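Student: sequence and predicted model, in that order:
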Amino acid sequence: MKTLSEAEWNIMESLWEESPKVGSRIVADMAQRVGWSRSTTLTMLKRMTEKEMIAWVDNGQMRAYVPLIEREEAVKKETENFLKRVYHGSISMLVSGFVERQRLSSEELAQLREILDRAEEEKYE
């Protein structure tokens, strides 16, 4: 899967929230979210269909669009790319950067510990 551009993320978020979704609803959604014109949104829908990121189905009156990429898959890919680009692939640098710059609640710290404990357990299984 290719990395989604910011513009593609906007369309995908709309479709992940609800799909299938007719083009006119996506046009209205993009106008509200990011101020896009009708033609900009329709151009994006066409390009993303050609790239096989989304597909359309004929519901009898108009096209309804559906995502062909799962949100979880896109998030994983984006996270991997971000980690490589910004932190040179170092998860410890990423976590350290967040912990040093933000106050974490006791609950957040407990969640991080739990995640790390699970990762360690899985490593030795």
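Tutor: Looks like it arrived, so ask away.
Student: ramachandran angles for the residue nearest to Ala74 when sequence neighbours are not counted?
Tutor: Among residues not flanking Ala74 along the chain, Leu4 sits closest, at 5.8 Å (C-beta to C-beta, 6 or more residues apart in numbering). Where C-beta positions appear, they are placed from N, C-alpha and C, glycine not excepted. Backbone torsions for Leu4, taken as degrees, to the nearest 10, come to phi -80, psi 140.
Student: what about Leu4, neighbour count?
Tutor: 21 (other C-beta atoms under 10 Å).
Student: quick one: least confident helix or strand in this structure?
Tutor: helix 91-101 (a mean of 84; mean pLDDT, DSSP states H and E).
Student: list the buried residues in it.
Tutor: Residues of helix 91-101 classed as buried: Leu94 (neighbour count, 16 or more other C-beta atoms under 10 Å).
Student: helix or strand next in line after it, which one?
Tutor: Counting by DSSP states H and E, the next helix or strand C-terminal to helix 91-101 is helix 106-123.
Student: give me the angle between that following helix and helix 91-101.
Tutor: Counting by axes from the mean of the first three to the mean of the last three C-alpha atoms, to 10 degrees, helix 106-123 points 170 degrees away from the direction of helix 91-101.
Student: what's next to helix 106-123, contact-wise?
Tutor: 95, 104 (C-beta atoms under 8 Å, 6 or more residues apart in numbering).
Student: same question, stretch 49-67
Tutor: 2, 4, 8, 11-12, 15-16, 19-24, 26, 45, 48, 68-69.
Student: from the residues you listed, which land in helices?
Tutor: Using DSSP state H, the subset of these located in helices is 8, 11-12, 15-16, 23-24, 26, 45, 48.
Student: make TSV from the residues you listed and add pLDDT, distance to His88 and neighbour count to it.
Tutor: Formatted as TSV, these follow (pLDDT from 0 to 100; distance: C-beta to C-beta, whole Å; neighbours: other C-beta atoms under 10 Å):
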residue	pLDDT	distance to His88	neighbour count
Glu8	97	25	19
Ile11	98	31	27
Met12	98	27	20
Leu15	98	33	22
Trp16	98	30	15
Gly23	95	41	16
Ser24	95	44	12
Ile26	98	37	25
Leu45	98	36	21
Met48	97	31	23
